[in-house]
Structure formats: C-alpha cells, structure tokens
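S.K.: Need coordinates for the following:
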Amino acid sequence: MANARKPFISGNWKMNHNHLDAVQFIQKLYYRLEKDDYEAVEISIHSPFTDIRSLQTIIESDKMKFHIGAQNCHYEPSGAFTGEVSAPMLAKLSVSHVIIGHSERREYFGETDEIVNKKLKAVLGNGMTPILCCGETLEERESGEANSKVEGQIRAGLAGITKEHVASMVIAYEPIWAIGTGATATSADAEEMCLHIRGVVAGVAGNDAAESVRIQYGGSVKPGNIAELMAQPNIDGALVGGASLEADEFAALIQYRNHGR
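M.R.: Model (predicted):
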C-alpha cells in the first residue's frame with residue numbers, strides 16, 4: 001500500500017536567529033518556494049521563543065503556509081517557574097507544533113520520560129501537536145540496545161494518551177550520535193528503526209494510530225541525503241537542525257522531490 005501520510009519537514013533552529021534574522025529568513029524562504037511545494041509538503045519552523053511573535057505576525061499577515069512551531073514548553077499552565085513558557089502561552093501565538101523530549105533537553109536539562117509525558121499532555125490539552133523525540137546513543141546502538149531504548153521512550157511518552165491523539169501526533173527518530181556530528185544513519189538503518197517505532201505505536205495505540213502517525217528522521221539531514229531518506233516507506237519527514245538555518249538550504253530540503261528521486 002502506498003504511503004498516504006503527507007510529508008512533514010520541520011526546521012529546529014535551536015538557540016539561533018534573533019527576531020530580525022527570523023523575519024528575513026521567513027521572507028526569503030517564502031519567495032524561494034513554489035505553490036506545489038506547499039501542496040506536497042507540510043512545513044513547520046521551530047524558532048526560539050523570542051522570535052515567535054514576529055514570525056506569527058508576518059506568517060498570518062502574508063498568509064504564508066508555514067506552521068509556527070516551538071522547541072519546548074513547561075507542563076504547567078502557569079505558576080512560579082522563572083524563565084519557563086507554558087503551552088497556553090504558545091497556543092495564543094498560533095503555535096501548532098511543539099518539539100517535546102529532544103535529546104538535548106533530556107541530556108542538558110535533565111528531562112525524564114515522566115516530564116516528557118507531562119509536556120506532551122500539556123501540548124495536546126492546548127490543541128497543539130507534539131513532535132515526540134526519541135533516539136539512542138552510539139554506545140546503546142553498538143551494544144544492541146537501540147530498539148529497547150527507543151521503545152521505552154515511546155511507551156513512556158505515550159502513556160495515558162488516547163489513540164486518537166496518538167494518531168494525530170508526530171514522532172521524530174533522532175539517533176543521538178548523528179545530531180550535529182555530520183554522521184547520518186543510512187537510509188536502511190533509519191527505515192529499520194522507524195518501522196520498529198511504528199510497531200511500538202501499534203502495540204500501544206492500535207494499528208490505525210500506527211498507520212496514521214507521522215515519523216520524522218533527524219540527524220544531519222542535508223539536501224544530499226534527504227531524498228533517499230524520504231523514499232523509505234516508514235519515513236514521513238525530517239526534523240532538521242543545522243540545515244534549517246539558511247533559507248536556501250532549507251528550501252532545497254523541502255524540494256527534495258526535485259532532485260535525486
């Protein structure tokens with residue numbers, strides 16, 4: 001059966017680009033893309049919090065077909081959490097997708113599977129779509145623990161989530177050893193893990209949810225390798241880091257159908 005899931009490519013700027021850079025980027029990207037690009041691929045931009053209002057203003061005023069994304073949120077709706085941003089705050093800025101459980105959040109900021117699950121529920125509870133991240137370290141892959149590590153992250157992240165919500169989500173497989181290193185899982189390796197993830201989702205939420213959930217690959221995705229990755233039946237998109245910081249390069253990723261496929 002042909003894959004009916006619409007490709008979804010997300011740019012994660014991490015801690016890069018101020019709000020002036022963001023406006024220049026989005027204008028350049030908008031003019032770089034063609035109408036059929038928007039019809040073929042969904043696109044989300046995950047900027048730092050300080051850029052979101054500027055992006056919202058220009059995207060909505062010019063009716064650009066980009067999803068406004070965030071990189072993180074707190075699981076509480078409000079309170080004495082200095083420096084944090086809540087899901088309701090993001091929803092009021094027209095944010096539609098929020099990255100949850102990125103490996104950098106887990107590693108540098110101590111986010112546990114329990115915290116990831118709470119954040120995921122907060123995002124869903126405010127009408128947004130979570131992009132749940134999972135992935136293994138090089139040591140875990142080499143020791144044969146990659147599948148069990150990823151399965152544990154998925155099961156913990158989806159605990160208490162309805163089948164309907166699971167079906168509407170995005171899951172991003174990011175092998176930690178390939179993030180920002182220049183190393184990339186082969187298309188066969190990436191497909192094998194994404195197929196495994198779909199099987200885990202089926203066990204948690206049923207076959208319909210597993211068939212509907214979109215699975216992105218992330219980890220040194222570039223114009224030179226995205227077409228081969230996207231050709232895999234269980235890879236439905238890409239969560240892009242460094243290659244999403246320049247409009248021309250990100251546009252080339254979105255237009256992967258035009259080269260090498």
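S.K.: Helices of this structure, start to end?
M.R.: With helices called from DSSP state H, the chain shows them at 19-32, 35-40, 49-61, 87-91, 103-108, 113-125, 138-142, 146-157, 163-168, 187-205, 207-212, 226-230, 247-254.
S.K.: Not counting the third one itself, show me its contacts.
M.R.: Residues outside helix 49-61 that contact it (CB atoms under 8 Å, 6 or more residues apart in numbering): 13, 17-23, 26-27, 45, 47, 64, 66, 68, 70-71, 85, 90, 93-95. Placement of C-beta: from N, CA and C, glycine included.
S.K.: Stretch 191-202 too?
M.R.: Here stretch 191-202 has contacts from 134, 146-147, 150-151, 154-155, 158, 166, 171, 173, 175, 185, 209-211, 213, 215, 217, 232-235, using CB under 8 Å, 6+ apart.
S.K.: Which positions in that stretch come out as buried?
M.R.: E191, E192, M193, C194, H196, I197, R198, G199, V200, V201 (16 or more other CB atoms under 10 Å).
S.K.: where does the stretch 1-150 of the chain dip in pLDDT?
M.R.: 1-3 (pLDDT under 70).
S.K.: how about the helices of the chain, which one is nearest K6?
M.R.: Distance to K6, taken as CB to CB, is lowest for helix 35-40 among those, at 8.0 Å.
S.K.: Only alpha carbons, please: show the closest one as PDB.
M.R.: Presented in PDB, the C-alpha positions along helix 35-40 are these (Å, rounded to 0.1, in the frame of the first residue of the first chain):
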ATOM      1  CA  LYS A  35       2.900  26.600  -4.900                       C
ATOM      2  CA  ASP A  36       3.400  22.900  -5.400                       C
ATOM      3  CA  ASP A  37       6.000  22.700  -2.600                       C
ATOM      4  CA  TYR A  38       3.300  23.800  -0.100                       C
ATOM      5  CA  GLU A  39       0.900  21.300  -1.600                       C
ATOM      6  CA  ALA A  40       3.300  18.400  -1.400                       C
END
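S.K.: follow-up on the earlier one: would you mind writing the PyMOL command to select the buried ones in the contacts of stretch 191-202?
M.R.: In PyMOL syntax, the buried subset of the contacts of stretch 191-202 is picked out as below (16+ other CB under 10 Å):
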select buried, resi 134+146+147+150+151+154+158+166+171+173+175+185+209+210+213+215+217+232+234+235
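S.K.: which among the contacts of helix 49-61 end up buried?
M.R.: Counted by 16+ other CB under 10 Å, the contacts of helix 49-61 give 13, 17, 19, 21-23, 26, 45, 47, 64, 66, 68, 70-71, 85, 90, 94-95 as buried.
S.K.: quick one on the thing from earlier: what about the helices of the chain, which gets the closest to T181?
M.R.: Going by CB to CB, the one of the helices of the chain nearest T181 is helix 138-142, 9.3 Å.
S.K.: If we go by neighbour counts, what in that closest one is buried?
M.R.: Buried, per 16+ other CB under 10 Å, within helix 138-142: E140, R141.
S.K.: contacts for it?
M.R.: By CB under 8 Å, 6+ apart, helix 138-142 touches A146, K149, P175, I176, W177.
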